[in-house]
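1. only the shape, not the letters, is given here:
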C-alpha cells in the first residue's frame, strides 16, 4: 500500500567506473528511469434497502444482506488484483496514460529495459519478457524461477496456480521437487520429506539451483495459467504490486445513503469502493500458460 499514483523505476544502462588519471575527470553518468500510472478502480454495489423493505424486514434479512455485501467486497478485491497480475497488456489511463504489465518484450513500452545485473545474467534488452509458455514440469518451473533469480531476487519464491491443476502440480513424475505440507494430525514415516508452512500454502517445490518455491492455489485462476513471483510479506514497499487508497474513502468500502429517503437513513444505500492499482516491479513476477502462447486469462 502506498500513496503515489505513479510508478517510476530504473532501466538498464551501461554506466561504470573508469580508470583514474591524474588530471582527467570521469564522464558524468546518471541512472535512467521510466514509469507508468496506477489504474483507477471504482466499484459500486447497491443494497436493496427500500422504504418498504426496511419497514418490514427481519434481523436475519439485514444480516444476510450485510454478509453478502461484505463477501462481494472481498471477491471484488481478489478478482481485480488477480486480473491486473495476469493481464499481459497495458490498461489505458486517461487520455494518454498507461498501467503496465510485467516485462512483455517491449510491446507495452519499447523503452523499458530491466536494470543490469552482471553477477547473474548478461545485459538485458527491451525484448526481455516474463511471459512464458510451458507445461507443468520441474524444468519449466525452474526456467520461470531463473527469470526472477537473474534480476537479483532470492528464495523463497511464491507459485500461484489454478486449483483445477493441482493434480498436475503434485504429480512427482512432473515436479520432482514437490514436498507436501506437514499436517499435525498425521504421523509420517522417518523417510518422508515434509514442508514447514502455514496453512496458506499447499506445498513447497524444491528447485535444484534457486531454492524453495511455496505453492498457493486459487479457483479464480483458469486451468493452465500460473505465476511465480517474489513476495517480501504484507505491506512491504518492495512487493510486486501497489494499491493506492482512495483519498476520499480510504481502503475498503464506505456505505452511502441513497436518494429519495422517506424515513430511514439507509434507504437505497450504496456501497462504494475506490482505489488505484498497478504493477510496481515489472520483473518481480513471471506469468506462464501451460501448452500455448500466453494470452490474457479470464479471472472469475
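-> Structure received. Quick caveat: nothing in here was measured; it's all calculated off a predicted structure. Numbering: from 1, shown residues only.

2. what sits closest to residue 94 if chain neighbours are left out?
-> For residue 94, ignoring the flanking residues on the chain, the nearest one in space by C-beta to C-beta, 6 or more residues apart in numbering is residue 37 at 7.7 Å. C-beta: built from backbone N, CA, C; applies to glycine.

3. neighbours of that neighbour, how many?
-> For residue 37, the count of nearby residues is 20 (other C-beta atoms under 10 Å).

4. roughly how far apart are the most centrally placed residue in the chain and residue 285?
-> Nearest to the geometric centre of the chain sits residue 85, at 4.3 Å (C-alpha atoms, centre = their mean). Look at residue 85 and residue 285: by C-beta to C-beta, to the nearest Å, they are 7 Å apart.

5. repeat for residue 144
-> Noted for residue 144: a distance of 10 Å to residue 285, by C-beta to C-beta.

6. quick check: neighbours shared by those two?
-> Shared contacts of residue 144 and residue 285, defined by C-beta atoms under 8 Å, 6 or more residues apart in numbering, are found at residue 228.

7. for residue 162, list each beta-bridge partner.
-> For residue 162, the beta-bridge partners are residue 218 (DSSP bridges).

8. which residues touch it?
-> By C-beta under 8 Å, 6+ apart, the neighbours of residue 162 are 217-219, 221-226.

9. now do 7 Å
-> Taking C-beta atoms under 7 Å, 6 or more residues apart in numbering, we find residue 162 in contact with 217, 221-223, 225-226.

10. out of those, which are buried?
-> Listed as buried from these are 217, 221, 225-226; burial here means 16 or more other C-beta atoms under 10 Å.

11. now for these: which two are most distant?
-> Taking C-beta to C-beta, the two most distant members of those are 217 and 225; they sit 11.7 Å apart.

12. hang on, the earlier thing: which one of the buried ones among the contacts of residue 162 sits closest to residue 131?
-> Distance to residue 131, by C-beta to C-beta, is smallest for residue 225 among those, at 11.3 Å.

13. export the buried ones among the contacts of residue 162 to JSON lines and tack on distance to residue 258, pLDDT and secondary structure?
-> Formatted as JSON lines, these follow (distance: C-beta to C-beta, whole Å; pLDDT from 0 to 100; DSSP: H, G, I helix; E, B strand; the rest coil):
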{"residue": "217", "distance to residue 258": "39", "pLDDT": "96", "secondary structure": "strand"}
{"residue": "221", "distance to residue 258": "36", "pLDDT": "97", "secondary structure": "coil"}
{"residue": "225", "distance to residue 258": "39", "pLDDT": "97", "secondary structure": "strand"}
{"residue": "226", "distance to residue 258": "42", "pLDDT": "97", "secondary structure": "strand"}
